[in-house]
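In: This is a predicted model, with the sequence first.
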Amino acid sequence: MNIFNRTFKLRNPIQYYPWGSRTAIPELLGIPNPEAKPMAELWMGAHPRAPSQVLIDGKWISFLDLLKTSATPVLGQDVAARFSNQLPFLFKVLAAAEPLSIQVHPSKEQAMEGFERENRLGIPLDAPERNYRDDNHKPEMLCALTPFEALKGFRSIDEIVQLMDELGDPGLGERLGQLKACPDATGLKAFFTSIMGMHMGEKEQVAGRVVELAATRTRERREFYWIGELGRKYPGDIGVLSPLLLNLVSLQPGEAIFLPAGELHAYLRGAGLEIMANSDNVLRGGLTAKHVDVDELLRITNFTPRLPSIIMPEEGERSGVYHCPAQEFMLCRLDINGLYHSGGAGSVEILLCLEGKGKVCQGASEDTAVSFAKGDALLVPSMAHPYRVSGHAVLWKASVPS
């Protein structure tokens with residue numbers, strides 16, 4: 001029998017970043033954190049920097065190495081052909097106790113052009129000033145597991161002007177006047193460009209004044225509260241203006257957002273499931289000590305204001321599917337209450353259990369049964385379809401759309 005006609009357990013690396021929560025991932029996955037480290041992300045996938053390990057015949061094997069020898073039976077013929085024998089997504093549990101940087105991701109075309117350009121210039125892949133570490137785009141979706149706050153895309157011009165007028169002038173009066181005179185995407189880009197182009201001393205002065213003005217009004221608006229929080233963590237960073245410019249989104253557990261190419265965003269606080277195309281391409285715009293390439297940021301950012309849309313799952317009898325435009329991934333919640341059948345053929349899947357316990361089997365036989373409990377992650381190869389799950393559990397399924 002082909003060894004990939006079954007499900008395998010995964011062992012997944014944890015990323016420790018200063019903004020990570022010390023409690024959320026341990027509580028969600030039921031794992032210890034005796035040293036109280038900031039557990040920021042759990043990665044599930046075959047990312048070159050930190051691939052999962054797959055338990056095969058009693059041995060842990062790198063998911064990345066597994067794909068080098070067995071891409072087609074694991075991914076499926078179609079996915080292997082479409083994505084050059086690579087798993088096209090990275091699945092994460094993300095837990096932010098502090099805000100992440102303001103950032104934007106390029107389109108596929110921008111990534112290919114930028115990667116080639118920086119290669120031509122001889123910039124090492126691991127250089128801190130490198131913008132494009134691969135030639136792929138990075139659409140993302142985040143589904144909240146706890147109350148979650150984020151900044152996502154530019155507000156309407158009217159909202160930006162209203163918030164700035166409410167707050168009081170931190171030294172942007174002339175620039176704001178120009179935005180009022182040209183209240184469209186072109187005017188917004190010019191306004192944002194002029195702010196990002198200020199010299200460091202002026203940025204620090206404006207940032208400090210914004211934080212001062214917001215400090216006495218934190219209960220009036222959540223935006224003013226977040227200005228104070230950002231100013232505390234990043235004093236003097238012009239990114240403290242971002243809650244005035246970007247839509248503030250508050251998600252409840254089970255609600256999701258999709259982040260397309262070109263959309264400026266920042267995660268502020270909360271825990272969620274994040275699924276994305278397998279790429280490291282990030283252009284940062286503030287709230288960070290890392291490299292900020294203002295010119296490239298301005299070039300790829302979409303300045304068209306848009307209302308943030310919240311993705312609710314399409315509910316089935318025992319499932320909830322989160323629809324988004326990405327070709328590399330899809331996310332689904334499975335509510336296991338007794339017995340679940342996967343159906344016919346399918347792509348490679350990663351299953352994550354966040355509640356309950358059960359087991360996965362292929363066909364009618366129990367020979368391939370793999371048990372799981374809260375915190376366990378499983379790899380379902382394409383050849384392991386169809387499968388059945390028994391037990392009482394909530395599973396989150398990452399897969400590739402057909």
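Out: It's in. Note that the coordinates shown come from a computational prediction; the quantities given were computed from them, not determined experimentally.
In: Tell me which residues touch the closest residue to residue 373 other than its chain neighbours, please.
Out: Take residue 373 and drop its neighbours on the chain: the residue closest to it by Cβ to Cβ, 6 or more residues apart in numbering is residue 357, 4.1 Å away. No exception for glycine: its C-beta is placed from N, CA and C like everyone else's. Going by Cβ atoms under 8 Å, 6 or more residues apart in numbering, residue 357 touches 371, 372, 373, 374, 391, 392, 393.
In: Also residue 57?
Out: By Cβ under 8 Å, 6+ apart, the residues touching residue 57 are residue 3.
In: Okay, strands next: where are they in the stretch 151-300 of the chain?
Out: Counting by DSSP state E, counting those that start in this stretch, the stretch 151-300 of the chain has strands at residues 246-251, 256-259, 265-277, 283-286.
In: need the longest helix for the chain.
Out: In terms of residue count, the longest helix belonging to the chain (DSSP state H) is helix 200-215.
In: Can you pull up the most central residue in this structure?
Out: The centroid of the chain falls nearest to residue 274 when counting by Cα atoms, centre = their mean (4.4 Å).
In: Now for residue 177, how many residues are close by?
Out: Neighbours of residue 177 under the rule other Cβ atoms under 10 Å: 11.
In: What's the separation between it and residue 136?
Out: In this structure, residue 177 and residue 136 are 41 Å apart, going by Cβ to Cβ, to the nearest Å.
In: what do you get for residue 212?
Out: Residue 212 is 42 Å from residue 136, by Cβ to Cβ.
In: if you count what's nearby, which of the two comes out ahead?
Out: Neighbour totals were compared for residue 212 and residue 136, and residue 136 leads with 22 against 14 (other Cβ under 10 Å).
In: Now do the contacts for that one.
Out: With contact set as Cβ under 8 Å, 6+ apart, residue 136 has these partners: 108, 111, 277, 278, 279, 281.
In: Wasn't it part of a strand?
Out: No. Looking at residue 136 with DSSP: H, G, I helix; E, B strand; the rest coil, it is coil, so not inside a strand.
In: Could you export the contacts of residue 136 as CSV, including neighbour count and pLDDT?
Out: Shown next, in CSV, are the contacts of residue 136 (neighbours: other Cβ atoms under 10 Å; pLDDT from 0 to 100):
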residue, neighbour count, pLDDT
108, 16, 95
111, 24, 95
277, 23, 96
278, 19, 92
279, 23, 90
281, 25, 93
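In: Can you list which of those residues are found in helices?
Out: Members of the contacts of residue 136 lying in helices (criterion: DSSP H): 108, 111.
In: Closest to residue 101 out of the contacts of residue 357?
Out: Checking the contacts of residue 357 against residue 101 by Cβ to Cβ gives residue 374 as the nearest, at 31.4 Å.
In: For the residue lying closest to the closest one once chain neighbours are set aside, give me its contacts.
Out: Excluding its sequence neighbours, the residue lying closest to residue 374 (Cβ to Cβ, 6+ apart) is residue 30, at 4.7 Å. Neighbouring residues of residue 30 by Cβ under 8 Å, 6+ apart: 373, 374, 375.
In: Only whichever of the residues you listed are buried, select them in ChimeraX.
Out: In ChimeraX syntax, the buried subset of the contacts of residue 30 is picked out as below (16 or more other Cβ atoms under 10 Å):
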select :374,375
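In: Check the contacts of residue 30 against residue 264 and report the nearest one.
Out: So of these, ranked by how close each gets to residue 264 (Cβ to Cβ), first place is residue 375, at 33.7 Å.
In: so that closest one makes contact with residue 31?
Out: Yes. At 5.7 Å, residue 375 and residue 31 qualify as touching, with contact defined as Cβ atoms under 8 Å.
In: Endpoints of stretch 140-153, how far apart?
Out: From its first residue to its last, stretch 140-153 covers 14 Å (Cα to Cα, to the nearest Å).
In: just how off-centre is it within its chain?
Out: Between the centre of stretch 140-153 and the centre of its host chain there is 8 Å, according to Cα atoms, centre = their mean, to the nearest Å.
In: cool, and stretch 63-80?
Out: 24 Å.
In: Check the average confidence over that stretch, would you?
Out: For stretch 63-80, the mean per-residue pLDDT is 97.
In: Tell me the spacing between the nearest residue to residue 380 once chain neighbours are set aside and residue 51.
Out: Once flanking residues are discounted, residue 380 sits nearest to residue 349: 4.1 Å by Cβ to Cβ, 6+ apart. Separation of residue 349 from residue 51 (Cβ to Cβ): 17 Å.
In: Just the residues contacting the helix or strand where residue 80 lies, thanks.
Out: Assessed by DSSP states H and E, residue 80 sits inside helix 77-82. By Cβ under 8 Å, 6+ apart, the residues outside helix 77-82 that reach it are 71, 72, 88, 347, 348, 382, 400, 402.
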